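Colleague: Pasted the sequence and its predicted model underneath.
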Amino acid sequence: METAVAEFHKKIKEAFEVFDHESNNTVDVREIGTIIRSLGCCPSEGELHDLIAEVEEEEPTGYIRFEKFLPVMTEVLLERRYRPIPEDILLRAFEVLDPAKRGFLSKEELIKYMTEEGEPFSQEEMEEMLSAAIDPESNSIHYKDYITMMVIDEN
């Protein structure tokens, strides 16, 4: 248990330092999601919001201090919270959106699903996903390839 905690502390510190531009043990609150995801966690927007509330100062300053972030993030990693969704579940989700079983979705379809269904993506999240997912030649996402890429990135 001790070694796991030490290992997590090291990982968290390294991820945090990438965004600690002033080297003063604080990061911009807007970077927290990226830091958490770089540690292999995939919280929803709501979960991310709750997590930020937990590590923010009483008076939100727009910055998150390392001392407050470390214990909360360590606990998240120890409890294996916000695990990435397994490949087969992702595949089933895409197949639901592709009833004709073509094996791909057009860019237009993807944008429609990402903005109209469930929890809408922000403009930034959407551009990020499209640039990673859309094949420029066919202007569509071949989701099996995309899922494989996503899952490999996690480990």
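Modeller: Yep, it's here. Residues are numbered from 1 along each chain as shown.

Colleague: Domain-wise, how is the chain divided?
Modeller: 2-78, 87-154 (automatic domain parsing).

Colleague: quick one: which helix or strand includes the residue of the chain positioned farthest from its centre?
Modeller: The C-alpha centroid of the chain is most remote from Ala100, which lies 29.2 Å away (Cα atoms, centre = their mean). Counting by DSSP states H and E, no helix or strand carries Ala100.

Colleague: Ok, Gly103 next?
Modeller: Counting by DSSP H and E, Gly103 is part of no helix or strand.

Colleague: Can you get me a residue count around Leu48?
Modeller: 17 (other Cβ atoms under 10 Å). C-beta: built from backbone N, CA, C; applies to glycine.

Colleague: which residues does it contact?
Modeller: Ile32, Gly33, Ile36 (Cβ atoms under 8 Å, 6 or more residues apart in numbering).

Colleague: do Lys101 as well
Modeller: By Cβ under 8 Å, 6+ apart, Lys101 lies in contact with Glu95.

Colleague: can you start the count at 28 instead of 1 from here on
Modeller: New numbering, starting at 28: the last item is Lys128.

Colleague: confidence score at it?
Modeller: The confidence metric pLDDT takes the value 93 at Lys128.

Colleague: Would you single out the least confident of the domains of the chain?
Modeller: For the domains of the chain, mean pLDDT drops lowest on domain 114-181, to a mean of 85.

Colleague: I'd assumed Val82 was in contact with Ile91.
Modeller: Yes - between Ile91 and Val82 there is a contact at 5.3 Å, judged by Cβ atoms under 8 Å.

Colleague: quick one: which of those two has more around it?
Modeller: Ile91 (26 against 18).

Colleague: Tell me which strands whatever helix or strand the more buried one lives in pairs with, and in which orientation.
Modeller: Ile91 is part of strand 90-92, with elements assigned from DSSP H and E. Partners of strand 90-92 in the sheet, by DSSP bridges, are strand 53-55 (antiparallel).

Colleague: Distance from the strand it pairs with to the middle of the chain?
Modeller: Distance of strand 53-55 from the chain centroid (Cα atoms, centre = their mean, to the nearest Å) equals 18 Å.

Colleague: Just give me how far the longest helix seen in the chain sits from the chain centre.
Modeller: Determined from DSSP state H, the single longest helix within the chain is helix 29-46. The chain centroid and the centroid of helix 29-46 are separated by 18 Å, computed with Cα atoms, centre = their mean.
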